[in-house]
Every structure is written in structure tokens, then in C-alpha cells.
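> let me see the structure of the following:
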Amino acid sequence: MDRLLAPLLSPLLIAQALRLRARALRLPEPPGPRAGETGEGPTLRLLILGDSSAAGVGASHQDNALSGQLISALSPHRRLTWRLEAKTGATSRSALAALSTLPHDPFDVVLLVLGVNDVTSFAPLNRILPDRVRIAQEIAARFNTPQLIVTGIPPLSQFPLLPNPLRWILVQRAARLEPLLREQANAAGHSYLPFSMPMDPDLMAEDGFHPSARAYAHWAKALAPHLLDDPLTAPAPS
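This next block holds a predicted model:
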């Protein structure tokens, strides 16, 4: 239905998108470390790749962002060597290009946090899906075939910043993309973790588009068991 309505609504959608771009509060990527070593226990080498939510936009410091919250959750159980490679606005296409600039370091787990900008940029599915295949291939070749964990798309329907009908169109696009990404990941033997946390208003940053520090804490708590690869504590991804 959205594929039929989008052309009819395109003047309004373009106007809404331009208005959002002009008026939206632009939060910076927070300061703080993007690599380090910490913790006790068996070694875990972790790489976090992704977009603004991976970069922690909405938090005041990396310690309160996704990476910092994950390190806090994992370090009591693992000796961590970790790195964050994330950029506001990253899409699957731009993340693929950025991968080619990274050194060939070995990692045990790569957490891939992408999807929102693929939806909001209206990138075609027949470009996103091949890009994701190439991202997985590049990760395997560059980082010594680590476990790849792919996160799902957050619930755009709950983002206060987005007005209708733009919100509705984006939600429909995400609903088409999400099962395809899950099927692709599962077929390749990767883990796909849907974004199951409801983005209540008190879990959103002040820009109405990114998670707050509190949301990052909840998200990290949900992701941590999967990064520990502990079948006794990690719920199976749906």
C-alpha cells in the first residue's frame, strides 16, 4: 500500500522531510573512548559497527551510550578488547565503504547496528540486501570470521519527531525490510536480534529520534547475553 501511496504523497513527504531537516535538533556524537581493554575472564574481542545509535547519539558520554553500557555489562564476565566504529547517518552502503578502510584485526564478535537510515533514505531493497551480503563477507574476510550479530530496526512508529504521513510510510518500509534482513541473516548463520524494547517517551532523547542514556542501558542489558554466547542466559532471537 505504501508503494502505491508514496508517489501520490511525494510532494507532502518531501515538504515534511525538508521541514524536519531544517528544524530538527541535531545532537552530537558523545565524547569518550571508542576503543579499550578492560574486564576479567575469558578473552572477548568485540567490534561495534553502525550508525548514530551505535555511536551513542542521545547520551552525554560514551560511558552512558550503547558501547559504554555494553562494556559495563560484559567486563565482569570477559576480558574485553573492544572498538567502536560508528557514524551518524550511516547506511548499509556507507558502512560497506567504511569497512574497506579498517585494519585487518581479529575479532570474536561483531555487532552490526544499522537499518534506520536505510529506511529514512528510501534506499531500494534491491540495493540494501546485496550491500548487507557484502558487509558480512567483508567482515568475515577482514576480521577473521567473527560471529556476526545483526540488530533489528527500532520502532519508527514510536519516534515523536516523525510526523504523519511520513511516519506511516517509513514504518511500512521498515516492515518490509525487517523480515528480509532477518531471513538473510538466519540463512547465512548469523544472529538476528529484533529491537524489542518499546521506545516510550521517557526512553527517547530530546531530539525525539534517538535513544536516551536510559534506553541504551536497557538495550545493552538485552544484548549482553548474546555477546557472551551463553546458551543458559541468552534467549533465542525471534
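
> so, low pLDDT: which residues of this structure?
The chain contains residues with pLDDT under 70 at 1-13, 17-18, 20, 22, 230-238.

> what about the helices in it?
2-23, 52-55, 66-74, 92-99, 116-120, 125-142, 166-187, 213-228 (DSSP state H).

> which of those is buried the deepest?
Highest mean neighbour count among the helices of the chain (mean count of other C-beta atoms under 10 Å): helix 52-55, with a mean of 26. C-beta coordinates here come from the backbone N, C-alpha and C atoms, glycine included.

> right, and Leu223 touches Phe195 too?
No: no contact is recorded between Leu223 and Phe195 when judged using C-beta atoms under 8 Å, the distance being 10.2 Å.

> could you tell me which residues touch both of the two?
Common neighbours of Leu223 and Phe195, using C-beta atoms under 8 Å, 6 or more residues apart in numbering, are Thr151.

> ok, back up a step: CSV please, covering the helices of the chain and showing distance to Val110.
Conversion of the helices of the chain to CSV gives the following (distance: least, C-beta to C-beta, whole Å):
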stretch, distance to Val110
helix 2-23, 31
helix 52-55, 11
helix 66-74, 13
helix 92-99, 10
helix 116-120, 18
helix 125-142, 5
helix 166-187, 12
helix 213-228, 10
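
> and of those helices, who's closest to Pro30?
Each of the helices of the chain was scored for nearness to Pro30 using C-beta to C-beta, and the closest is helix 52-55 (7.8 Å).

> does anything pack onto the closest one? Which helices or strands?
Helices and strands touching helix 52-55, by 3 or more C-beta pairs under 8 Å, 6 or more residues apart in numbering; DSSP states H and E, are helix 66-74, strand 79-86, strand 109-113.

> near Leu44, how many other residues are there?
By the other C-beta atoms under 10 Å criterion, the neighbourhood of Leu44 contains 20 residues.

> which residue packs closest to it, ignoring adjacent ones?
Leaving aside its sequence neighbours, Leu44 sits nearest to Arg78 (C-beta to C-beta, 6 or more residues apart in numbering; 3.9 Å).

> is it true that the one you found touches Thr38?
No: using C-beta under 8 Å, Arg78 makes no contact with Thr38, being 9.3 Å away.

> out of those two, which sits in the busier spot?
Of the pair Arg78 and Thr38, Arg78 is the one with more neighbours under other C-beta under 10 Å, namely 24 against 14.

> the more buried one and Tyr216, how far apart?
19 Å (C-beta to C-beta, to the nearest Å).
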